[in-house]
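Novice: show me the folded form of this:
(2 chains, ligands or ions: 1)
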Amino acid sequence: MKKEESNIKAYEQNYTTMVPGAFAKKMRTCVIWQFFRFIVLNIKMLIVVSKSH
Amino acid sequence: MARVVILGGGVSGHTAATFAAKWLGSAHEVVVVTPNSKWNWIPSNIWVGVGEMSKEEVTFDLAPVYAKAGITYKQAKAVSLNPEGSESSDKPFVTVEFTQEGREGESEDIEYDYVVNATGPKLNFGATPGLDAGHTVSVCTADHAVHASSEFKKSIERMKSGERQKFLIGTGHGMCTCQGAAFEYIFNIEHELTKAGVRDLADIKWISNESFLGDFGMGGLHMKVGGYTVSSKIFTESLFTERDVSWIIGAHVSKVEAGRIEYELLDGSTGEEEFDFSMLIPPFAGVGLKAYAKDGSDITSTVFAPNGFMKVDANYGAGSYENWKASDWPATYQNPTYDNMFACGIAFAPPHGISKPMSSPNGTPINPTPPRTGMPSGIIGKAVAHSICDKILKGENAPLREASMADMGAACVASAGKGIFDGTAAAMTVYPVVPDFEKYPGTGRDTDYTFGEVGLAGHWIKHILHHMFIYKAKLKPGWTLIPE
Ligand SMILES: Cc1cc2nc3c(=O)[nH]c(=O)nc-3n(C[C@H](O)[C@H](O)[C@H](O)COP(=O)(O)OP(=O)(O)OC[C@H]3O[C@@H](n4cnc5c(N)ncnc54)[C@H](O)[C@@H]3O)c2cc1C
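Specialist: Next up is the predicted model:
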């Protein structure tokens, strides 16, 4: 059994959603990838902020 | 010399006051009336509530900041407004009651040329029987969060000695807003329990008035992911599943007792849930200001909506959900009866919800009320200050500045656990805050500017924002360059 799928219970409330796999979870706290995402997110947020002022 | 009186020194009022003082200079007077001696960066109360930050890290003294800015500071709470003055004078005034140590209970009438109501919410714990009895905790103020943290620590200690604990986090009434704060708290709790090595002894449950997970009082949002346009419901359910948190939604908490709540669901059924530790957000109302006409008659219902929030230039007659339009939302925040009176942040009366109104077959309304988060509250505060300063400096006929939540986006970072290398947060933006189904048929929002993702980068942003906004609120060099 894949660990990340173990919380899904058949026909219970979380049976119909998606769960991240091991790779997606790893990337969430991978410092190098997250540094890149940090820059991307800041740019995206600044665009929304500048559209709102 | 004109006098601008700002009621409330929170996110919105502090922004309005500091910009007004900067733009008006010493030729005019800005007065802030607010009951607390400290400013609080409320979003970080979540971290105080799990013991990851102290009260001192999320608050600072207001008096020296206002002294530096040349703002007259009254540590007091506004009680009533007399927008037409009194029988002996035409000058409008606000009556305040001091909370400052040594002056408690003293009152004063402060005359104004312009008044801004930025009093935020009354935390209406009394709306749900037992919610104010201390059986549950709150993170809405820094002091509440300190108390929540000490109760949380007791739960961890019990788990360390092998006892199973049940955590129930969410909204404490069918008409709550601020689901985002409860969302952050539940995942910070989960993160801390994992760090403490006791996660396997915890049952964690969410309870909220949302009709679907990920509604957040904004009718949810859609994001483009992997070539698909995906609802926030999918992502929120995914995170709950990943972190093994179960949920009850469409719930109106009807009663709170020691270790137990009762609730009613949208389908009319009722249930109960036990808990060892619970944080339930109270519903919000206006702070209960009164208004009187020149002859002393009560005109509160002219100035304020029944929920206690101040009426502004919104369309309050839109009727049912099918008739709602983005243009119902206010743009200038000017009171329709008294044009020298404005409201900003949570204090203005929204025209209606953002999420679709729903009720149980028993007639109990169960739906989130509209959130007014930090960024819109700050932007609106600044726009209102700008309008007033224009009127003072350029003349009565200067056009009003506009900042409609239907034309404005919001960036929001929801913490899902604190830690410089293992923390995560959902970094989100929505554009516009209020969906505009005429302009963006389908999702109501521009999916090029509406996005969200969970990761460590979000946590870093949240942490930087904490320092940046406290820096800005302290008016340190370059503060005006930091956007709201
Ligand atoms: C736990 C929590 C977490 C949050 N996290 C986020 C987040 O991550 N991001 C985000 O964007 N938003 C967040 N929010 C929402 C954000 O805090 C609000 O949007 C914001 O504080 C609203 O600003 P405001 O000025 O309208 O109200 P407030 O900031 O509440 O300020 C109101 C002020 O008025 C004062 N006041 C009250 N009564 C009176 C009176 N009678 N006379 C004078 N003054 C009075 C109060 O003491 C207070 O200082 C969070 C909220 C909570 C509760």
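Novice: is chain B within reach of the top helix by length along chain A?
Specialist: For chain A, the longest helix by residue count, based on DSSP state H, is helix A:31-52. Yes - using Cβ under 8 Å from any Cβ of the partner chain, we find that helix A:31-52 touches chain B at A:31, A:34-35, A:37-38, A:41-42, A:44-45, A:47-49, A:51-52. Quick note: C-beta positions are derived from backbone N, CA and C, even for glycine.
Novice: ok, the residue lying closest to A:T16 once chain neighbours are set aside - contacts?
Specialist: Sequence neighbours aside, B:E237 is the residue nearest to A:T16 in space, at 7.8 Å (criterion: Cβ to Cβ, 6 or more residues apart in numbering or on different chains). Each residue near B:E237 by Cβ atoms under 8 Å, 6 or more residues apart in numbering or on different chains is listed here: A:N14, A:T16, A:T17, B:L213, B:G214.
Novice: could you find the closest non-adjacent residue to the residue positioned nearest the centre of chain A?
Specialist: Nearest to the geometric centre of chain A sits A:R28, at 6.3 Å (Cα atoms, centre = their mean). Excluding the flanking residues, the one nearest A:R28 by Cβ to Cβ, 6+ apart is B:G455, at 4.3 Å.
Novice: looking at this, B:L400 is in a helix?
Specialist: No - assigned with DSSP: H, G, I helix; E, B strand; the rest coil, B:L400 falls outside any helix and is coil.
Novice: ok, it - contacts?
Specialist: Neighbours of B:L400 in contact, by Cβ under 8 Å, 6+ apart: B:A331, B:T332, B:Q334, B:S387, B:D390.
Novice: coming back round to it: any idea how far B:F421 is from the residue nearest to the centre of chain A?
Specialist: Computed as Cβ to Cβ, to the nearest Å, the A:R28 to B:F421 distance reads 11 Å.
Novice: common neighbours of these two, please.
Specialist: With Cβ under 8 Å, 6+ apart, A:R28 and B:F421 have common neighbours B:L456.
Novice: which residue ranges of chain B form helices?
Specialist: Under the criterion DSSP H, chain B contains helices at B:11-24, B:45-48, B:55-58, B:62-69, B:142-160, B:179-195, B:232-242, B:300-303, B:374-394, B:456-473.
Novice: ok, residue 49 - contacts?
Specialist: This is for chain A. By Cβ under 8 Å, 6+ apart, the neighbours of A:V49 are B:M375, B:G409, B:A411, B:P483.
Novice: not what I meant, chain B
Specialist: B:V137, B:V139, B:H144, B:A145, B:A148, B:S149, B:F152, B:Y185, B:N188, B:M279.
Novice: next up, the contacts around the first one.
Specialist: Under the criterion of Cβ under 8 Å, 6+ apart, the neighbours of B:V137 are B:G49, B:H144, B:H147, B:A148, B:E151, B:F152, B:F277, B:S278, B:M279.
Novice: which one of these sits closest to B:E257?
Specialist: B:S278 (10.9 Å; Cβ to Cβ).
Novice: one step back: okay if I get the contacts of A:V49 as TSV plus pLDDT and distance to chain A?
Specialist: Listed next are those as TSV, based on pLDDT from 0 to 100; distance: Cβ to the nearest Cβ, whole Å:
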residue	pLDDT	distance to chain A
B:M375	94	7
B:G409	93	4
B:A411	91	4
B:P483	92	5
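Novice: scan those and report the most crowded one.
Specialist: Neighbour counts for these, by other Cβ atoms under 10 Å in any protein chain shown, peak at B:G409, which reaches 26 neighbours.
Novice: close enough to count as contact, it and B:P435?
Specialist: No - assessed by Cβ atoms under 8 Å, B:G409 is found out of contact with B:P435, at 11.9 Å.
Novice: how many other residues sit next to the residue nearest to A:R28?
Specialist: B:G455 has 25 nearby residues by other Cβ under 10 Å.
Novice: pLDDT score assigned to it?
Specialist: The model reports B:G455 with a pLDDT of 97.
Novice: try B:S359
Specialist: 98.
Novice: repeat that for A:M1.
Specialist: pLDDT at A:M1 comes out at 66.
Novice: quickly note the distance from B:D295 to the ligand.
Specialist: Relative to the ligand, B:D295 is positioned 24 Å away (Cβ to the nearest ligand atom, to the nearest Å).
Novice: and the residue lying closest to that residue once chain neighbours are set aside, how far is that from B:V79?
Specialist: Closest residue to B:D295 apart from its sequence neighbours, by Cβ to Cβ, 6+ apart: B:E87 at 6.6 Å. For B:E87, the distance to B:V79 equals 19 Å [Cβ to Cβ].
Novice: with B:W39 instead?
Specialist: For B:W39, the distance to B:V79 (Cβ to Cβ) stands at 22 Å.
Novice: looking at the two, which is more packed in?
Specialist: Just comparing B:W39 and B:V79: by other Cβ under 10 Å the higher neighbour count belongs to B:W39, 21 against 15.
Novice: surely the more buried one touches B:P64?
Specialist: No - assessed by Cβ under 8 Å, B:W39 is found out of contact with B:P64, at 11.0 Å.
Novice: could you pick out the residues of the stretch 201-350 of chain B near chain A for me?
Specialist: So far as Cβ under 8 Å from any Cβ goes, the stretch 201-350 of chain B lies against chain A at B:I234, B:E237, B:S238, B:F240, B:T241, B:E242, B:D244, B:S246, B:W247.
Novice: ok, the first one - contacts?
Specialist: It refers to B:I234. B:I234 makes contact with A:T17, A:M18, B:G214 under the criterion Cβ under 8 Å, 6+ apart.
Novice: ok, of those, which one's closest to the ligand?
Specialist: Among these, B:G214 lies closest to the ligand (Cβ to the nearest ligand atom), at 16.0 Å.
Novice: restricting to C-alpha, output stretch A:2-11 in PDB.
Specialist: Extracted C-alpha coordinates of stretch A:2-11, given in PDB (Å, rounded to 0.1, in the frame of the first residue of the first chain):
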ATOM      1  CA  LYS A   2       1.200   3.500  -0.800                       C
ATOM      2  CA  LYS A   3       1.500   5.400   2.400                       C
ATOM      3  CA  GLU A   4       0.000   8.600   1.000                       C
ATOM      4  CA  GLU A   5      -3.200   6.800  -0.100                       C
ATOM      5  CA  SER A   6      -3.700   5.100   3.300                       C
ATOM      6  CA  ASN A   7      -6.000   7.900   4.600                       C
ATOM      7  CA  ILE A   8      -8.600   7.300   1.900                       C
ATOM      8  CA  LYS A   9     -11.500   5.200   3.200                       C
ATOM      9  CA  ALA A  10     -13.800   3.400   0.800                       C
ATOM     10  CA  TYR A  11     -17.100   5.200   0.500                       C
END
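Novice: is B:M310 in a bridge, and if so with what?
Specialist: Applying DSSP bridges to B:M310 yields these beta-bridge partners: B:F304, B:F348.
Novice: contacting residues around it?
Specialist: Counting by Cβ under 8 Å, 6+ apart, B:M310 touches B:N117, B:G286, B:L289, B:V303, B:F304, B:N335, B:M341, B:A343, B:A347, B:F348, B:A349.
Novice: let's see 10 Å
Specialist: Shown in contact with B:M310 (Cβ atoms under 10 Å, 6 or more residues apart in numbering or on different chains): B:7, B:81, B:116-119, B:286, B:289, B:291, B:303-304, B:333, B:335, B:341-344, B:347-349.
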